[in-house]
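>>> Below are the sequence and a predicted model; questions follow.
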Amino acid sequence: MPLLQVRDLCLTLPTRNGPIAVVEGLSFDIDEQDSLALVGESGCGKSLTALAIMGLLPPAISISAGSIQFRGRELVGCSDRQWRRFRGGAMAMVFQEPIASLNPVLRIATQIEEVLALHGDGDRRWRKRQAVSLLEQVGLPDPAALARAYPHELSGGMCQRVLLAMALAGEPDLLIADEPTTALDVTVQAQILDLLIEIRRQRGLAFLWISHDLGVVSRLCDRVAVMYAGKLVEQQPVQTLFGNPRHPYTRGLMAASPSLEQQALPTGIPGRVPAPEDFTAGCRFRDRCSQAMELCFEDPPAFPLESEDAWVRCFLMDTSATSAGEALSNGEEAK
């Protein structure tokens, strides 16, 4: 049984013209000590997926279909009381903006101790010692002094380490990280990534990493699931995907990422991710794809690839269909 199992997840936003699916038919597994990256441009639904798994969706968005199971326990439909016992313990999350994620009027130790009080079994004295120990484990200097500080007295990188300490306080089996290094400078990003790699090795954590930075993904993750316009379009082991990306969108993301090995400048993908109200039937990437065909107006199935549990949703994988299909230009004709 996978540690986390997501099946046919659909997230819906109500509008005047009826409900709109912002995430549709999402399925993936994360095993014990596994590390999966969910990648794609902004607006593809990555963060909403993470919030759905943690039971933190905004009130306007709801789970209209699908299942989310953790160790075989169904999470969809849990009450707030059930979520409070579970969230932050067996499953924890680190958010994008470290300073915005901390309470500005509470000391650092107090915020860590709140997690320990909910998910630990020690007394107040133990919680104070444990808070300092967690700050030391995430590499903060003089943790006893920092425990008495307020968030505004710390740098962005230090606040991100505090958030990581809070996430680890409940001794989770799964850590969800939603682009936690985005707001940090390059040097601090590298330090946080090294810290996460070491923590994963020591604790045997499973990771769900939300990112658009393929360089980070290549260092931290075992597998990659590529998301576009609310749907998964490709899943492969990280080394296989970087060596041979199959979906045109994945290849576009790779070409848009700067690399020291490439002499040519990165090239962007024409157009942008459509808004949910503009989602259409068929392949949602076809209007931006230079290899679009008439067949792409239909919804492509998941074509299996050579690696285990690897697949891609693109008719280019079906040679019999592509040989009979008529290629379209990436312009008005494709629309």
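Okay, I see it.
>>> which secondary structure elements does the lengthiest helix in the chain contact?
As assigned by DSSP state H, the longest helix anywhere in the chain is helix 186-203. Where contact means 3 or more CB pairs under 8 Å, 6 or more residues apart in numbering; DSSP states H and E, helix 186-203 is packed against helix 156-169, helix 214-220. For glycine as for every other residue, the C-beta is placed from the backbone atoms N, C-alpha and C.
>>> What is the neighbour count of residue 64?
15 (other CB atoms under 10 Å).
>>> if I look at it, how far off is residue 116?
Residue 64 is 36 Å from residue 116, where distance means CB to CB, to the nearest Å.
>>> In the stretch 201-335 of the chain, mark out all the helices, start to finish.
Along the stretch 201-335 of the chain, counting by DSSP state H, counting those that start in this stretch, helices occupy 214-220, 238-243, 248-256, 319-324.
>>> okay, these in a markdown table with distance to residue 162 next?
As requested, the helices of the stretch 201-335 of the chain are exported to a markdown table (distance: least, CB to CB, whole Å):
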| stretch | distance to residue 162 |
| --- | --- |
| helix 214-220 | 20 |
| helix 238-243 | 29 |
| helix 248-256 | 32 |
| helix 319-324 | 52 |
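>>> Compile those into JSON lines and extend it with columns for mean neighbour count and mean pLDDT.
Shown next, in JSON lines, are those (neighbours: other CB atoms under 10 Å; pLDDT from 0 to 100):
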{"stretch": "helix 214-220", "mean neighbour count": "18", "mean pLDDT": "86"}
{"stretch": "helix 238-243", "mean neighbour count": "17", "mean pLDDT": "93"}
{"stretch": "helix 248-256", "mean neighbour count": "19", "mean pLDDT": "91"}
{"stretch": "helix 319-324", "mean neighbour count": "10", "mean pLDDT": "54"}
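>>> Show me the beta-bridge partners of the residue nearest the centre of the chain.
By CA atoms, centre = their mean, the chain has its centre lying nearest to residue 210, at 2.3 Å. Beta bridges link residue 210 to residue 38, residue 178 when assigned by DSSP bridges.
>>> So it is in contact with residue 181, correct?
No: at 11.3 Å, residue 210 does not count as touching residue 181 under the criterion of CB atoms under 8 Å.
>>> Report the distance from stretch 85-98 to the chain centre.
13 Å (CA atoms, centre = their mean, to the nearest Å).
>>> same check, this time on stretch 169-183
Counting by CA atoms, centre = their mean, stretch 169-183 is centred 10 Å from the centre of its parent chain.
>>> how much space between residue 155 and residue 19?
Distance, residue 155 to residue 19, by CB to CB: 43 Å.
>>> I meant residue 318, not that one.
From residue 318 across to residue 19, the span is 32 Å (CB to CB).
>>> do the same with residue 238
Distance, residue 238 to residue 19, using CB to CB: 35 Å.
>>> cool, residue 81 as well?
Per CB to CB, residue 81 is found 28 Å from residue 19.
>>> Tell me which of these two has more neighbours.
The neighbour count for residue 81 versus residue 19, taken as other CB under 10 Å, is higher for residue 19 (12 against 8).
>>> Now the more buried one. Its backbone dihedrals?
phi -70, psi 140 (degrees, to the nearest 10).
>>> what does residue 94 give?
Phi and psi for residue 94, reported as degrees, to the nearest 10, are phi -110, psi 130.
>>> Does residue 218 touch residue 243 like I think?
No: the criterion here is CB under 8 Å, and residue 218 misses it with residue 243 at 10.8 Å.
>>> Return the helix or strand in this protein with minimum mean pLDDT.
helix 319-324 (a mean of 54; mean pLDDT, DSSP states H and E).
>>> pLDDT averaged over the longest helix of the chain - what is it?
Helix 186-203 carries an average pLDDT of 88.
>>> Number the residues from 508 up from this point.
Sure, I'll start counting at 508 from here, so that last one is helix 693-710.
>>> Only the buried residues of it, if you could.
For helix 693-710, the neighbour count (16 or more other CB atoms under 10 Å) marks 695, 696, 698, 699, 700, 702, 703, 706, 707 as buried.
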